[in-house]
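Asker: Kindly return the folded structure for what I paste below:
(chains A and B)
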Amino acid sequence: AQSVAQPEDQVNVAEGNPLTVKCTYSVSGNPYLFWYVQYPNRGLQFLLKYITGDNLVKGSYGFEAEFNKSQTSFHLKKPSALVSDSALYFCAVRDIRAGGTSYGKLTFGQGTILTVHP
Amino acid sequence: KAGVTQTPRYLIKTRGQQVTLSCSPISGHRSVSWYQQTPGQGLQFLFEYFSETQRNKGNFPGRFSGRQFSNSRSEMNVSTLELGDSALYLCASSLGGLKNTEAFFGQGTRLTVV
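Answerer: Down below sits the predicted model:
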């Protein structure tokens, strides 16, 4: 079974400071990892993904994430936070070795509320 | 390129009724997945359809069902609604391969059961 943990329910940072939103995962095979952002009363917007290759992946709106296989982590980062980054962030995983049982299925963490203060 | 479209955006139903939600995927996408989002349970996978066939199913009761049409549009149905079915229902579309790319989500249908 696959699972995702986002250990922080809330993260607060000041505008202009770097931000990190943490994510750890558990899969039986190799993971495909994703970050999504959700604004109030909206769907999820894709930020970035890790499939294979470089451990540091870059995504939309200046976000990046670092894949660490030994620590089974995929933390979301941004060098300089903006007030407009305030939202709910979800980490998700798909176990690509699960075969047909993983089709279409993303397993999400519980989400982290990011608040960026002016 | 149009995104994923879900209709209606908001819905209020009474306990015991049934409801049908609709999802139109991104053009060219053949996979449609459905998720339920609630404050208590977070995002939970309902089911996934590809080329009109259900390929995967989450742990929801049989009251939750879906289907996909030949144009890849999908509907999900919930029968005998319960108060606990109140949630944001999200639809996501993707190309559909196992090693496919990311899923793109619609804005959701907010279902309130009273």
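Asker: OK, contacts around residue B:16?
Answerer: Applying Cβ atoms under 8 Å, 6 or more residues apart in numbering or on different chains to residue B:16 gives the contacts B:80-81. Using the backbone N, CA and C atoms, a C-beta is placed for each residue, glycine as well.
Asker: make it 10 Å
Answerer: Counting by Cβ atoms under 10 Å, 6 or more residues apart in numbering or on different chains, residue B:16 makes contact with B:79-82, B:113.
Asker: Can you tell me which residue sits nearest the middle of chain B?
Answerer: For chain B, the residue nearest the mean C-alpha position is residue B:34 (3.1 Å; Cα atoms, centre = their mean).
Asker: Could you check what's spatially nearest to residue 35, not counting adjacent residues?
Answerer: I went with chain A, as the question did not name one. In this structure, residue A:35 finds its nearest non-sequential neighbour in residue A:47, 4.3 Å apart by Cβ to Cβ, 6 or more residues apart in numbering or on different chains.
Asker: my question was about chain B
Answerer: Using Cβ to Cβ, 6+ apart and skipping the chain neighbours, the partner closest in space to residue B:35 is residue B:90 (4.5 Å).
Asker: That neighbour: which element?
Answerer: strand B:87-94 (DSSP states H and E).
Asker: what separates that strand from the chain centre, distance-wise?
Answerer: Centroid separation for strand B:87-94 versus its chain: 5 Å, with Cα atoms, centre = their mean, to the nearest Å.
Asker: before we move on, what SS does the residue nearest to residue A:35 have?
Answerer: strand (DSSP: H, G, I helix; E, B strand; the rest coil).
Asker: I'd like to know how many residues surround it.
Answerer: Counted with other Cβ atoms under 10 Å in any protein chain shown, residues neighbouring residue A:47 total 22.
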